[in-house]
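Asker: Sequence isn't available, so here's the structure alone:
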C-alpha cells in the first residue's frame, strides 16, 4: 500500500448498488460534503466479481455527475473489496519490526489461505491490545486474489479515478461503527445488505473473524413476493411498511428466512466462544450491532434480541463523524445512512491513517 496526502472519497461497490461518500474536515469535526447511491444492473457485478468493466466505469462516472451535495473534484478514491472473495486472519508471531513481519507473513500466509502468495495482494496491521507480551505480537492479515482486485483497478482507471487505498469492506464497517479510542466489550456486528449478510466479530481492539452468508434483505423481499404472488417492487414496499410487526401474513412469509438468520447468528456466537478462550474461559459477548440496508426492518431488533437472549441495537455509522449531540445529517437521514455504513468507513480512512 502507499500513502498520499490528498483528499479522497469512499466508494462502496456491491452486486446491486454503488455508494459514494465524501467527508471534509471542519475544525475538530468532520462534515458530510457529498453522497450518492446508484443501482447496478444485474450481471455487471456477480458475487463481488466485476463482469463488465466498461459498463461499471460508466456507472461510476454517471454517479459522480449526479452526486448529492458538492461536486467531487478529487480523483483519489478509497475503494471496498468484496468480503466474500477475500481472506482475513489473525497471526500470532514473534516481536519483529515491520520489515521482518512482512517477510514472516509471506512465509506463513499460504497456511491460512487456499492460494499461493503470487496470486494475492496482501497487507497487515499490528493489533494493539492492553495485554502485552514480550514473546509475541498479533497481526491482522488481509489478502485478496489478484484476479478479483485487478478488474476493480481497471474499472477505476476507465472511470478516470486513482486508488488511494483498497480495503476489504468489513474493515471499513468496523471503522464506521466502533467509536475511536473507546474500549468496547466483545461485539458481533451483523451487516445486512441487499445481496448478503456479513458477520464480524470484534474484540480486544481488532476485527477477529468475518464471514458472509447469502441471506439478505433481498431474500426477505423475494420470500414475500413468492408467498403473496406479487412483484418484487410491491413486495419491497410492503416489507418496509409492515416489517416484522405488521400483518401476520407478511411475518409468516419472512419467518423461515428470519429463523435461518437467527440460527446462523447462534452458530457464529458459538464460534466466538470456542475460539476466544483464555484460561478455559471466554469473555461473554453481550451486545450485537446491526447495520446495512436490512437493519431498518421494523421489529428486527426486538425479534433478534428476544430469540438470541442478547442485547441487539442498531449501530451508529456516524459515531466517529458527528458531534455527540448530533444524531443524523438532515440530507442523509439515519435510517438511510445504515446502507452507507461501509462507504462512511471508507471515507473515514484518510482521517484515521
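Answerer: It's in. As the structure is a computational prediction, the values presented were derived from the model and not from experiment. Numbers count the residues shown, from 1 in each chain.
Asker: Just list the residues touching residue 7, thanks.
Answerer: 24, 74, 76, 350 (CB atoms under 8 Å, 6 or more residues apart in numbering). Quick note: C-beta positions are derived from backbone N, CA and C, even for glycine.
Asker: For the third one, give its distance to residue 86.
Answerer: Taking CB to CB, to the nearest Å as the measure, residue 76 falls 22 Å from residue 86.
Asker: Which of the contacts of residue 7 fall in strands?
Answerer: Counted as lying in strands by DSSP state E, out of the contacts of residue 7, are 24, 76.
Asker: what's the most distant pair in the contacts of residue 7?
Answerer: 24 and 76 (13.7 Å; CB to CB).
Asker: those helices in this protein, which residues are they?
Answerer: Along the chain, counting by DSSP state H, helices occupy 53-65, 98-108, 146-158, 169-177, 217-228, 232-242, 248-275, 300-308, 334-337, 341-352.
Asker: Same question for the last one: list its buried residues.
Answerer: With burial defined by 16 or more other CB atoms under 10 Å, the residues of helix 341-352 counted as buried are 341-350.
Asker: same check, this time on the longest one
Answerer: Judged by neighbour count (16+ other CB under 10 Å), helix 248-275 contains these buried residues: 250-251, 253-254, 257-258, 261-262, 264-265, 268-269, 272.
Asker: cool, and the third one?
Answerer: Residues 148-149, 151-153, 155-156, 158 are the ones in helix 146-158 that count as buried (16+ other CB under 10 Å).
Asker: for it, the distance to its chain's centre please.
Answerer: Centroid separation for helix 146-158 versus its chain: 20 Å, with CA atoms, centre = their mean, to the nearest Å.
Asker: can you check the first one too?
Answerer: In terms of CA atoms, centre = their mean, the centre of helix 53-65 is found 22 Å from the chain centre.
Asker: From the rest of the structure, what touches that helix?
Answerer: In contact with helix 53-65 (CB under 8 Å, 6+ apart) are residues 11, 13, 18, 20, 36, 38, 40-41, 44-45, 50, 72, 151, 154-156, 158-161.
Asker: Mean confidence (pLDDT) on it, please.
Answerer: Average pLDDT, helix 53-65: 98.
Asker: quick one, strands of the stretch 1-150 of the chain?
Answerer: Counting by DSSP state E, counting those that start in this stretch, one finds strands in the stretch 1-150 of the chain at the ranges 9-13, 17-26, 29-39, 45-46, 49-50, 68-69, 76-81, 87-94, 120-126, 136-145.
Asker: Dihedrals phi and psi, residue 52?
Answerer: Dihedral angles of residue 52 (phi, psi; degrees, to the nearest 10) stand at phi -130, psi 90.
Asker: Let me see the contact set for it.
Answerer: Counting by CB under 8 Å, 6+ apart, residue 52 has contacts 43-44.
Asker: Could you measure from it over to residue 44?
Answerer: With the distance defined as CB to CB, residue 52 ends up 5 Å from residue 44.
Asker: can you check residue 94 too?
Answerer: Using CB to CB, one gets 45 Å for the distance from residue 94 to residue 44.
Asker: who's more crowded, the two?
Answerer: residue 44 (20 against 10; other CB atoms under 10 Å).
Asker: Excluding chain neighbours, give the residue nearest to residue 217 in space.
Answerer: Nearest non-adjacent residue to residue 217, counting by CB to CB, 6 or more residues apart in numbering: residue 294, 3.4 Å away.
Asker: Then residue 120?
Answerer: Using CB to CB, 6+ apart, the nearest residue to residue 120 is residue 143, at 4.4 Å.
Asker: so who does that neighbour touch?
Answerer: Contact analysis of residue 143 by CB under 8 Å, 6+ apart lists 86-88, 109, 113, 115, 120-122.
Asker: got it, and residue 20?
Answerer: 9-12, 34-37, 63-64, 67, 72, 343.
Asker: just residue 313 next, same as before
Answerer: Each residue near residue 313 by CB under 8 Å, 6+ apart is listed here: 287-290, 301.
Asker: Next, count neighbours for residue 228.
Answerer: Counted with other CB under 10 Å, residues neighbouring residue 228 total 14.
Asker: tell me the pLDDT at it?
Answerer: 95.
Asker: For it, give its distance to residue 17.
Answerer: 25 Å.
Asker: And residue 314, how far from residue 40?
Answerer: Using CB to CB, one gets 26 Å for the distance from residue 314 to residue 40.
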